[in-house]
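1. Pasted the sequence and its predicted model underneath.
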Amino acid sequence: MLTALAVALLLGGCVYYNGMYNTKRLAGSARKAERDGRTFEATNLWGQVVTRAETLITRHPDSKYVDEALVLKGLALSRLSQCNTAVVPLGHVSLLPEDAEVREEASLALGRCHLELGDPTLAAAVLAPVAQSADPVRRTEARVVRGRALRLTSRPDEAIASLEGIDEPRARSERLLALAAAHHREAALALADSLLSVRDTTVRWDTVAAAVGRVEPLVASALVDRLEGRKDMPPVTRAQMLFEDGVRLAPLDTARASARLREVAALPEPPEYVERARLALTRQRIASVSSVDELRPFTAQLQAHAASRTTAASEAGIVLAFVSQVLSASDSAAAGAAPADLQLFLAAETARDSLAAPALAVSLFRTLVERLPDSPYAPKAILAGHALDPVWGESVLPLLEERYALSPYVALVRGEEPYGYRELEDSLQTFARGVSAPRVEEHKGPMLREDSLAAARGAAPRPRRGLEP
């Protein structure tokens with residue numbers, strides 16, 4: 001005869017088993033609804049899976065089915081697009097037996113969630129076993145998702161291998177991105193040509209071009225060349241794609257970037273990108289000026305840009321404020337207004353950092369040194385100018401020892417105690433706060449930039465990036 005304890009244990013086991021059975025049955029129904037395209041019903045069923053699993057976990061926390069219940073709960077939450085709350089219960093998949101029916105499905109869901117939540121490294125690790133699955137559907141899905149994770153962790157060659165031989169839209173697009181990330185330019189463009197030739201409507205080409213451009217701007221530009229003539233591309237998408245290509249090319253090929261921006265500026269529409277391209281071209285021309293007189297005519301152009309009813313108007317207003325600041329400082333210094341040295345130095349920095357006009361900045365640093373040689377900021381201007389124009393800098397560098405040997409800036413370069421340095425920097429920072437121009441950055445010490453120090457010590461200055469409109 002069964003004892004009372006044995007009966008209780010037997011009944012308890014039945015309860016656990018029935019609870020697990022019903023939870024798994026609901027999950028199976030949810031999967032079938034998904035396969036049949038009954039999205040609303042599938043969502044409802046996955047919600048019931050969460051409820052049943054939570055009930056089993058709460059009432060029977062010591063049951064041998066708890067880990068599987070947690071995994072099913074996590075799987076259901078991932079299907080409901082709740083990865084934030086799904087990853088913890090899905091993590092229990094590692095505690096399930098190797099032959100557990102739900103193990104691969106849950107690992108695949110966990111990998112997707114890690115990728116969605118911004119952890120591609122974990123995603124790649126979790127998906128590795130599933131990528132070897134005997135189930136062809138799960139294996140293919142794991143390889144595609146893992147390929148993306150590998151690319152995002154700067155392992156493009158491994159991503160290419162993961163995607164090899166998979167002939168489906170997501171895999172083809174992801175392979176193109178991986179080839180570009182691995183700098184396999186010819187292979188990337190060959191794949192792009194094959195995708196374009198079959199008119200694959202599942203590919204968002206503007207998105208692909210932008211993604212490729214982040215790692216291989218030249219490949220992206222060649223891709224844009226192939227795309228811009230497509231008749232099925234909306235005008236706004238074409239303009240955006242061409243404009244972004246011009247921006248990406250600016251640091252690499254100024255001539256090609258300008259040509260691309262002129263192409264956008266000549267379009268009849270849309271006005272948003274047309275005006276942004278025109279402003280970008282104006283900024284490129286500003287970047288090439290070498291004197292204040294060359295800068296003056298741009299005031300009227302910037303005023304016209306600022307009057308446009310596009311988002312470019314705000315940027316144009318900011319650039320106009322910087323140009324006005326430089327012109328005002330130069331005019332005030334020429335008129336002998338005080339403190340001219342502070343005005344000139346800050347104007348030179350604005351030209352260098354905000355207008356990306358190095359030649360103009362050098363001319364302002366040079367003006368400070370030549371017109372106001374007794375200024376305590378003259379040696380600072382020599383160091384800053386030398387970093388931008390070593391030819392001019394070499395001609396005046398001897399002054400650091402001959403005339404400015406006691407300057408705190410020179411002492412700092414020598415590695416000595418720079419007595420008075422903080423006072424000079426505080427004065428410059430206080431004056432900078434009073435400059436009335438939008439987004440004028442507060443001057444943050446030390447003001448001797450790394451390239452200025454390197455140049456003064458005889459090292460080559462670091463190259464500067466070009467203007468990015």
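-> Arrived safely. Numbers count the residues shown, from 1 in each chain.
2. all contacts plus neighbour counts: C-alpha atoms, from now on.
-> Noted.
3. Pull the contacting residues for the residue positioned nearest the centre of the chain.
-> Central residue of the chain (CA atoms, centre = their mean): R214, 8.0 Å from the mean position. By CA atoms under 8 Å, 6 or more residues apart in numbering, no residues touch R214.
4. what comes up buried for the helix or strand encompassing it?
-> Element membership of R214 [criterion: DSSP states H and E] is helix 205-215. For helix 205-215, the neighbour count (16 or more other CA atoms under 10 Å) marks 205-206, 208-213, 215 as buried.
5. Below-threshold pLDDT in this protein: ranges please.
-> 1-17, 200-202, 435-469 (pLDDT under 70).
6. Okay, domains of it per the record?
-> Using automatic domain parsing, the domains assigned to the chain come out as 1-117, 288-469.
7. can I get these in JSON lines with distance to R230 and mean neighbour count?
-> JSON lines is the format used below for these (distance: least, CA to CA, whole Å; neighbours: other CA atoms under 10 Å):
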{"stretch": "domain 1-117", "distance to R230": "32", "mean neighbour count": "18"}
{"stretch": "domain 288-469", "distance to R230": "26", "mean neighbour count": "18"}
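8. residues in contact with the closest residue in space to G47 that isn't next to it in sequence?
-> Nearest non-adjacent residue to G47, counting by CA to CA, 6 or more residues apart in numbering: A76, 7.0 Å away. Counting by CA under 8 Å, 6+ apart, A76 touches 27, 46-47, 49-50, 86.
9. give me the element A76 is part of.
-> Using DSSP H and E, A76 falls in helix 66-79.
10. Following that helix in sequence, what is the next regular element?
-> The C-terminal neighbour of helix 66-79 among helices and strands, as given by DSSP H and E, is helix 83-90.
11. Touching that next one from outside, list them.
-> For helix 83-90, the surrounding residues in contact (CA under 8 Å, 6+ apart) are 70-78, 106-107, 109-110, 113-114, 116-117.
12. Just the buried residues of stretch 123-134, please?
-> Quick answer for stretch 123-134 (16+ other CA under 10 Å): 123-124, 126-128, 130-131.
13. chain center to that stretch: distance?
-> Centroid separation for stretch 123-134 versus its chain: 28 Å, with CA atoms, centre = their mean, to the nearest Å.
14. That stretch: end-to-end distance?
-> Across stretch 123-134, the terminal residues are separated by 20 Å (CA to CA, to the nearest Å).
15. Can you list the neighbours in contact with that stretch?
-> 104, 107-108, 110-115, 138-143, 145-147, 149-150.
16. Stretch 326-341 now?
-> If you take CA under 8 Å, 6+ apart as the criterion, stretch 326-341 is touched by 292, 295-296, 343-344, 347-348, 350-351, 364, 368, 372, 375, 377.
17. As a markdown table, these with distance to T430 would be great.
-> Output for these, formatted as a markdown table (distance: CA to CA, whole Å):
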| residue | distance to T430 |
| --- | --- |
| V292 | 25 |
| L295 | 27 |
| R296 | 27 |
| Q343 | 12 |
| L344 | 15 |
| A347 | 15 |
| A348 | 17 |
| T350 | 16 |
| A351 | 20 |
| L364 | 20 |
| L368 | 19 |
| L372 | 20 |
| S375 | 17 |
| Y377 | 15 |
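18. Which one of those residues is nearest to Y419?
-> The nearest member of those to Y419, counting by CA to CA, is Y377 at 14.3 Å.
19. distance of that closest one from G420?
-> Y377 sits 12 Å away from G420, taking CA to CA as the criterion.
20. and for the helix or strand where V362 lies, what are the contacting residues?
-> Using DSSP H and E, V362 maps to helix 358-371. For helix 358-371, contacts defined as CA under 8 Å, 6+ apart pick out 287-292, 330, 341, 344-345, 347-352, 375, 378-379, 381-382, 384-385, 388-389.
21. Could you find the closest non-adjacent residue to L346?
-> Spatial nearest neighbour of L346, chain neighbours left out: A432 (7.2 Å); criterion: CA to CA, 6+ apart.
22. cool, A33 as well?
-> The shortest distance from A33 to any non-neighbouring residue, by CA to CA, 6+ apart, is to A42 (5.1 Å).
23. tell me the angle the helix holding A76 makes with helix 83-90.
-> Taking axes from the mean of the first three to the mean of the last three CA atoms, to 10 degrees, one finds helix 66-79 and helix 83-90 inclined to each other by 160 degrees.
24. Helix 66-79: how far from the chain's middle?
-> Distance of helix 66-79 from the chain centroid (CA atoms, centre = their mean) equals 34 Å.
25. which residues in this structure form strands?
-> Counting by DSSP state E, the chain has no strands to list.
26. Distance from the helix holding R214 to the middle of the chain?
-> Taking the mean of its C-alpha atoms, helix 205-215 sits 12 Å from the chain's own mean (CA atoms, centre = their mean).
27. Alpha carbons of that helix, in PDB - could you do that?
-> Taking C-alpha atoms only, helix 205-215 is exported to PDB below (Å, rounded to 0.1, in the frame of the first residue of the first chain):
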ATOM      1  CA  TRP A 205      20.000  49.700 -51.500                       C
ATOM      2  CA  ASP A 206      20.100  53.100 -49.900                       C
ATOM      3  CA  THR A 207      20.600  51.400 -46.500                       C
ATOM      4  CA  VAL A 208      23.200  49.000 -48.000                       C
ATOM      5  CA  ALA A 209      25.100  51.900 -49.500                       C
ATOM      6  CA  ALA A 210      25.200  53.800 -46.200                       C
ATOM      7  CA  ALA A 211      26.300  50.600 -44.300                       C
ATOM      8  CA  VAL A 212      29.100  49.900 -46.900                       C
ATOM      9  CA  GLY A 213      30.100  53.500 -46.700                       C
ATOM     10  CA  ARG A 214      30.900  53.300 -43.000                       C
ATOM     11  CA  VAL A 215      33.700  50.800 -43.700                       C
END
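28. and N84, how far is that from R112?
-> In this structure, N84 and R112 are 12 Å apart, going by CA to CA.
29. what's the spacing between the closest residue to I382 other than its chain neighbours and A387?
-> Spatially, and ignoring its direct neighbours in sequence, I382 is nearest to G393 (6.5 Å; CA to CA, 6+ apart). As judged by CA to CA, G393 and A387 stand 8 Å apart.
30. Give the buried residues for stretch 222-230.
-> When burial is assessed from 16+ other CA under 10 Å, stretch 222-230 yields the following buried residues: 223-224, 227-228.
31. now, the most widely separated pair of those residues?
-> Counting by CA to CA, the most remote pair of those is L223 and E228, 8.8 Å apart.
32. Which residue ranges of the stretch 201-350 of the chain form helices?
-> 205-215, 217-227, 235-249, 254-265, 271-287, 292-295, 298-306, 312-334, 340-353 (DSSP state H, counting those that start in this stretch).
33. So for the fourth one, what gets flagged as buried?
-> Read it as helix 254-265. 254, 257-258, 260-265.
34. Show me what it is packed against.
-> With contacts defined as 3 or more CA pairs under 8 Å, 6 or more residues apart in numbering; DSSP states H and E, helix 254-265 has these neighbours: helix 235-249, helix 271-287.
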